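Student: predicted structure and sequence below. I'll ask about it afterward.
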Amino acid sequence: MSERFSRATGTSLVGGAEAHTSRSLTGMLGAVAGMAALLALFPLWLGGSRVLMGVAILGLAYASYAIGFNLIFGSTGQLFLCVGALAGVGGYAATILSDRAGLPILVSILVATLLAALTGGLLSWIAVRRSLGVIFTGIVTLIFALSFENLLLGLSGVTGGDSGLQIRAGSGTILRGQIPPYYLMLGLVVVFLIVHGLLRRSHVGWAFRALRDDEVAAELAGINVARYRVYGALVGAAMLGMAGATYAFTAGRVSPTSFGFAQVDVVVIVMLAFGGIGTLLGPILGAVVFTAIDEVLIEFGQLRLLAYGILIIVLFLWIRRGMIPTLRDLLRRQTTNRDTTAAHTPSRGPG
Amino acid sequence: MTASILDGIVLGLQFGVLATGLTLVYGLGGVLNLAYGQMAVISAMVVLLAMDADIPLLPAVGLGLLAGGLLGLLLDVTILRPVYRLQGEARVLLSLLLSLGVAFIVDGFLNWRFPLRGLTLRVGGEAVEILGVRMRMGSLVASGITLLVLAVLFYVFRYTLLGRAIRSVIENEEGARLVGIDPHHMLRIILVVSGVLAAIVAMTRSMVTPVNVRAGFSITVLALIVTVVGGLGSISGAFLAGLVLGIINSIASTYIGTFLSLIILLVAAALTILIRPAGLLGVRE
């Protein structure tokens, strides 16, 4: 039975999608720029409503979490079920550093990012050293996430317990404005996407793909699987920490629920699965769609949870590879149908 | 101290039954059921509704156990179908995600329809003094039932044909298939058993503390921790780990505090994975 865990081979939920990433650099940058331009127009449409802008800013925070998780899980095959906890390390560390230790906001965000990166790197290093498979990595990181949540509740002297902490630093500045934080978070999203896009195009990206598709083959081909896994986790966790810290300053408070497993991890997994695990822009598509859905469902209270459950099941049963690969396939099929006669039919493996 | 240890044993026995339901399904079918705690909560709600409808206690509890078993069967014939088509890690991962979806559906529905409800089974009778500690009757009855379940499980698994068939599938699925055992059939039986076990835990737990509508996720997490420590697929491991963790939890929550006692359990599970990934009594191939 330990066969099941000792080797982290590629899982059927991931992969397949990345066969088509041999896009040019300008193509990648163009796609990111186009997406950014579309999202940048959003405040023109709904900028007047403080509530809706708050929702949109949170949506961008989720998009950044999804990019970080995508880098860790989609690119290096490590199931990190502590997305919220790593963002929370960033958020709480930044809050405490700026309010208690009096550090400037920028410095506290950077230190918090470093802290989250080191935490993620440590978790990954442990998983790699003990050669835990996908499932045991998931359980260990879930245990970390739950411990973190409990520590937040238990150490109420430092963390404010259940009600969390109000952040004094940055209040009254544009960080708490109605529209500027949106562009701040959007900037973060764009930077993360470009970092992820460039990583995928570099030799690191090749190593990621190789180790995710077949770990043993990658090792035999001379790729230091352990090292690249830890690199992936370091960068991904840094993104999570930075997004958590930055979002905390724009929201003006941190609380256990803003970084909880049910509130962050589950949502991020659904977003990413919807957009397409392992695709570059999947996290953005998922975040936009689910932020909108969430806003519609919010008045249904507990039924929102029910809807999420149904969505999870539908997603993983029928569109397992996510929307972006599915749509791309549809498009490709249509164009090939138009362009070619029966001479050349695209052969595609199962997702 | 004695009181904490005795409380820990009461708790630990329940941990054991709880983990057994999860660990068998995992060991047998490579299915990690994250809706396990929700199965327990649904059974508790069935009992609660039955008692609201003036059905006497014992038939109501019977209905609850039946509901647990049916839920297991329902999972087997619905969302687990596509899971069975996969193998290895992909199977575990898909089962985990789909059952998480089920857990959310159940939680969403129950919290919407029956918010703030909780099941408490009152067991009458005087408190009894054991080793100089006054134990409530509810705790004793709960432990008695748990021990009975344990005995039945051990008997079935050691001495009956069904039990041997199930163990053979856990040990070697291919070999079992070769001697004419249908693993899918065994898995269906085990899912029903797992649902009944979840229901039993809900009943015995409600004799000690109320089982409320939101308890699903924390029950699943406890089951997962005990399962990991005990070793996946091992009943005796589940019970040993249940007892050890139950006593640790009880002592820790008396002397250190509730929040940190859960963290101690979590750390115990993490250390087990890191030091002995197969668990206390799990077999490492």
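Tutor: Right, received. Where do you want to start?
Student: how many residues are close by A:Ser131?
Tutor: Residues near A:Ser131, counting by other Cβ atoms under 10 Å in any protein chain shown, number 16. Placement of C-beta: from N, CA and C, glycine included.
Student: quick one: it is in a helix?
Tutor: No. Read with DSSP: H, G, I helix; E, B strand; the rest coil, A:Ser131 is coil and lies in no helix.
Student: just the pLDDT for it.
Tutor: Note for A:Ser131: predicted pLDDT of 81.
Student: how much space between it and chain B?
Tutor: Distance of A:Ser131 to chain B, computed by Cβ to the nearest Cβ, to the nearest Å: 9 Å.
Student: quick one, strands of the stretch 1-150 of chain B?
Tutor: Ranges of strands in the stretch 1-150 of chain B, per DSSP state E, counting those that start in this stretch, are B:118-119, B:128-130, B:133-135.
Student: need the winner for burial among these.
Tutor: Of all the strands of the stretch 1-150 of chain B, strand B:118-119 carries the top mean neighbour count, a mean of 21, counting by mean count of other Cβ atoms under 10 Å in any protein chain shown.
Student: what strands line up against that strand, and which way round?
Tutor: Neighbouring strands of strand B:118-119 in its sheet, by DSSP bridges, are strand B:211-212 (antiparallel).
Student: picking that back up, format the strands of the stretch 1-150 of chain B as TSV; extra columns: distance to A:Gly244 and mean pLDDT.
Tutor: Shown next, in TSV, are the strands of the stretch 1-150 of chain B (distance: least, Cβ to Cβ, whole Å; pLDDT from 0 to 100):
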stretch	distance to A:Gly244	mean pLDDT
strand B:118-119	34	85
strand B:128-130	50	75
strand B:133-135	46	76
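Student: now these as a markdown table including distance to B:Leu97?
Tutor: What follows is these, written out as a markdown table (distance: least, Cβ to Cβ, whole Å):
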| stretch | distance to B:Leu97 |
| --- | --- |
| strand B:118-119 | 29 |
| strand B:128-130 | 45 |
| strand B:133-135 | 42 |
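Student: can you check which of those strands gets nearest to A:Gly88?
Tutor: Proximity to A:Gly88 (Cβ to Cβ) singles out strand B:118-119 among the strands of the stretch 1-150 of chain B, at 29.5 Å.
Student: residues touching the closest one, excluding its own?
Tutor: Strand B:118-119 is contacted by residues B:44-45, B:47-48, B:202, B:206, B:210-213 when judged by Cβ atoms under 8 Å, 6 or more residues apart in numbering or on different chains.
Student: what helices or strands is the longest helix seen in chain B leaning on?
Tutor: For chain B, the helix with the greatest residue count under DSSP state H is helix B:2-29. Secondary-structure packing of helix B:2-29 (3 or more Cβ pairs under 8 Å, 6 or more residues apart in numbering or on different chains; DSSP states H and E): helix B:36-52, strand B:133-135, helix B:137-159, helix B:161-171, helix B:183-208, helix B:216-230, helix B:235-255.
Student: export stretch A:50-59 as CSV, just CAs?
Tutor: Output in CSV follows, covering the C-alpha atoms of stretch A:50-59 (Å, rounded to 0.1, in the frame of the first residue of the first chain):
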residue,chain,number,x,y,z
ARG,A,50,-17.6,50.9,-1.6
VAL,A,51,-19.1,47.4,-0.9
LEU,A,52,-18.6,46.1,-4.4
MET,A,53,-15.0,47.6,-4.6
GLY,A,54,-14.3,45.7,-1.3
VAL,A,55,-15.6,42.5,-2.9
ALA,A,56,-13.4,43.1,-6.0
ILE,A,57,-10.3,43.8,-3.9
LEU,A,58,-10.9,40.5,-2.0
GLY,A,59,-11.4,38.8,-5.3
